[in-house]
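Participant: Sequence plus predicted model, see below.
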Amino acid sequence: MPAYRIPDNVISQSVANETVLLDLDQGAYFGLDAIGTRMVELLRTQPDHAAVVEVLAGEYDAPRPTLRRDLEALIQRLEESGLIARDE
C-alpha cells in the first residue's frame, strides 16, 4: 500500500497537536484532533496501515480494531475531500 501525501493545493497548519487542512482550490476544510493529526503524520511515512495501527496502539489507550476502523474512516474522508492523496 502506498504512503500518502498532502497535495500541493492543500495547506496544512498544526497548532497544539491539532491540524487544519485547507484545499485552496476547492475550499474544502478539515480539522484534525491530536489522534487524527498523528494518523496523518504516520500515513505520510508508513505505507502499511497495520504498522500505523501498531504505532498508535503503543501511543494511545485504544483497542486495535477501533484504531483500524478510525484510520480507514479518516483516510476515506480525506481522500474523498481531496485533502490527501496516495503517493504512488
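Facilitator: Nice, I can see it.
Participant: Which helix runs longest in this protein?
Facilitator: Using DSSP state H to define each element, the chain has its longest helix at helix 64-81.
Participant: How far does it sit from its chain's centre?
Facilitator: 8 Å (C-alpha atoms, centre = their mean, to the nearest Å).
Participant: quick one: pLDDT of the residue nearest the centre of the chain?
Facilitator: Central residue of the chain (C-alpha atoms, centre = their mean): Val40, 2.6 Å from the mean position. Reading off the per-residue confidence, Val40 sits at a pLDDT of 91.
Participant: going forward, begin numbering at 628 instead of 1
Facilitator: Shifting the count to begin at 628 puts that one at Val667.
Participant: Packing partners of the strand or helix carrying it?
Facilitator: Under DSSP states H and E, the secondary-structure element containing Val667 is helix 661-672. Using 3 or more C-beta pairs under 8 Å, 6 or more residues apart in numbering; DSSP states H and E, the elements in contact with helix 661-672 are strand 631-632, strand 645-650, helix 676-686, helix 691-708. All C-beta spots, glycine's among them, are computed from the backbone N, C-alpha and C.
Participant: picking that back up, in this structure the residue nearest to the centre of the chain contacts Ile711, no?
Facilitator: Yes - the pair formed by Val667 and Ile711 meets the contact definition of C-beta atoms under 8 Å, at 7.0 Å.
Participant: who touches both of those two?
Facilitator: Taking C-beta atoms under 8 Å, 6 or more residues apart in numbering as the criterion, Val667 and Ile711 both touch 631, 633, 705.
Participant: quick one, what contacts the second one?
Facilitator: Contact criterion C-beta under 8 Å, 6+ apart gives 639, 648, 667, 671, 710-712 as the residues in contact with Ile633.
Participant: I'd like the distance between Pro674 and Ile638.
Facilitator: Note on Pro674: its distance to Ile638, by C-beta to C-beta, to the nearest Å, is 24 Å.
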